[in-house]
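Novice: My questions are about this predicted structure, shown below with the sequence.
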Amino acid sequence: MVDHALAPSAAFDMSPDSVDGPVGPIAYRRTGRGHPLVLLHSLALDSRMWGPYAARLAPHFDVIAADARGHGGSGWDGRSFDMADLAADLAALLDGLGLASAHVLGMSMGGSVAIEFAGTHQARVDRLVLADTTAWYGETAVEAWTERAERAVALTRRRQVPFQVDRWFTEGFLRTHHDEVRRIAGIFVETDSGAHAEASLALGRLDARHLLAGITAPTLSVTGEEDYATPVEMGRAIAEGVADGRHRTLAGLRHLSLVERPDLAGLVRAHLEDAEPAEPDPVGTCCLAGTAGHAAVVA
């Protein structure tokens with residue numbers, strides 16, 4: 001068993017714990033104390049992705065970082081799955097941990113899972129953060145993601161790394177943070193190619209736009225200004241679809257915005273605690289959107 005009273009870095013360096021899920025164990029790493037906060041990772045990564053970011057949140061929350069089906073230490077039966085299945089896994093994780101509800105933060109694929117979960121299990125999500133994600137990839141999604149799925153199994157893991165890191169991180173970060181880039185790329189290389197491909201197909205089929213109006217949790221959507229995997233317009237559409245939703249554009253960041261800038265944990269913490277950020281906003285412009293669907297830009 002992982003002792004989540006350990007220092008955050010120690011907890012994320014250890015092997016994950018697990019609970020029983022619909023198709024096998026659901027692995028998770030846990031650290032900190034306070035209100036439970038579930039972190040859902042990006043495609044073809046796992047809960048280790050959150051290490052430095054979790055360390056920033058652990059003094060304030062009971063941080064539970066889960067591995068998606070077929071990723072990291074979580075089981076998979078080899079069958080097709082979709083975002084609804086991954087949302088069912090999240091429900092099973094909360095059940096296994098004896099939690100009626102939690103805050104949820106999902107990035108990229110994890111954000112799509114979080115939308116599905118928040119739209120179908122409203123009472124189980126207290127407050128919601130969606131980072132660099134979407135409810136729908138558009139008209140050409142099936143074809144584009146089918147091609148991505150084919151590449152996931154046709155190429156060696158290492159040959160896929162250059163394409164991934166260019167999407168994940170800014171050029172400046174790639175030049176100056178070699179250890180962190182290698183750490184994230186190492187998680188990607190270790191991810192099962194079959195699970196990567198199946199999750200890609202699931203993202204191609206994703207269309208959770210109809211669920212947005214049913215999300216009752218106060219929702220913060222954030223998108224890296226330079227994110228061309230899920231552009232700002234996709235993040236803004238989420239906020240416009242949720243009754244209590246707002247969107248923030250994170251200046252000078254790409255698809256793994258919160259991994260590149262773990263110091264932005266304060267922005268997420270302020271939303272989760274329904275408070276103003278304790279320090280000046282370092283992220284540039286903020287677009288607010290709520291029930292009326294009108295956006296206001298503030299400095």
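Specialist: Cool, the structure landed. Residues are numbered from 1 along each chain as shown.
Novice: Ignoring the adjacent residues along the chain, who's closest to residue 65?
Specialist: Nearest non-adjacent residue to residue 65, counting by CB to CB, 6 or more residues apart in numbering: residue 47, 3.7 Å away. In short, each C-beta sits where N, CA and C put it, glycine included.
Novice: In contact with the one you found, which residues?
Specialist: Listed by CB atoms under 8 Å, 6 or more residues apart in numbering, the contact set of residue 47 reads 12, 16, 27-29, 39, 41, 65-67, 72.
Novice: Just give the nearest non-adjacent residue to residue 115, would you?
Specialist: Counting by CB to CB, 6+ apart, residue 208 is the residue found nearest to residue 115 once chain neighbours are left out, at 4.8 Å.
Novice: wait, isn't that neighbour in contact with residue 113?
Specialist: No: judged on CB atoms under 8 Å, residue 208 makes no contact with residue 113 at a distance of 9.5 Å.
Novice: Now list whatever residues contact both of these two.
Specialist: Common contact partners of residue 208 and residue 113 (CB under 8 Å, 6+ apart): residue 83.
Novice: the more surrounded of these two?
Specialist: Between residue 208 and residue 113, counted using other CB atoms under 10 Å, residue 113 has the larger neighbour count: 31 against 24.
Novice: Helix, strand or coil: sort out that one for me.
Specialist: The three-state label given to residue 113 by DSSP: H, G, I helix; E, B strand; the rest coil is helix.
Novice: Could you list the low-pLDDT ranges of this protein?
Specialist: Scanning the chain for pLDDT under 70 picks out the ranges 1-10, 277-299.
Novice: Roughly how far does residue 265 sit from residue 59?
Specialist: Distance of residue 265 to residue 59, computed by CB to CB, to the nearest Å: 10 Å.
Novice: quick one on the thing from earlier: ok, so of the contacts of residue 47, who is nearest residue 190?
Specialist: Distance to residue 190, by CB to CB, is smallest for residue 72 among the contacts of residue 47, at 8.3 Å.
Novice: just checking, the closest one touches residue 49?
Specialist: No: checked against CB under 8 Å, the pair residue 72 and residue 49 is beyond contact range at 9.3 Å.
Novice: about what we covered before: of residue 265 and residue 59, who's got more company?
Specialist: Using other CB under 10 Å as the criterion, residue 265 and residue 59 rank with residue 265 on top: 20 against 14.
Novice: Which residue, other than its chain neighbours, is closest to that one?
Specialist: residue 56 (3.4 Å).
Novice: Make sure I have this right: that neighbour is in a strand.
Specialist: No: judged by three-state DSSP, residue 56 forms no part of a strand; its state is helix.
Novice: who are the neighbours in contact with residue 97?
Specialist: Taking CB under 8 Å, 6+ apart, one finds 19, 36, 64 in contact with residue 97.
Novice: The helix or strand containing the second one: partners in the sheet, and parallel or antiparallel?
Specialist: Residue 36 belongs to strand 35-40 when assigned by DSSP states H and E. Sheet partners assigned to strand 35-40 using DSSP bridges are listed as strand 61-66 (parallel), strand 102-107 (parallel).
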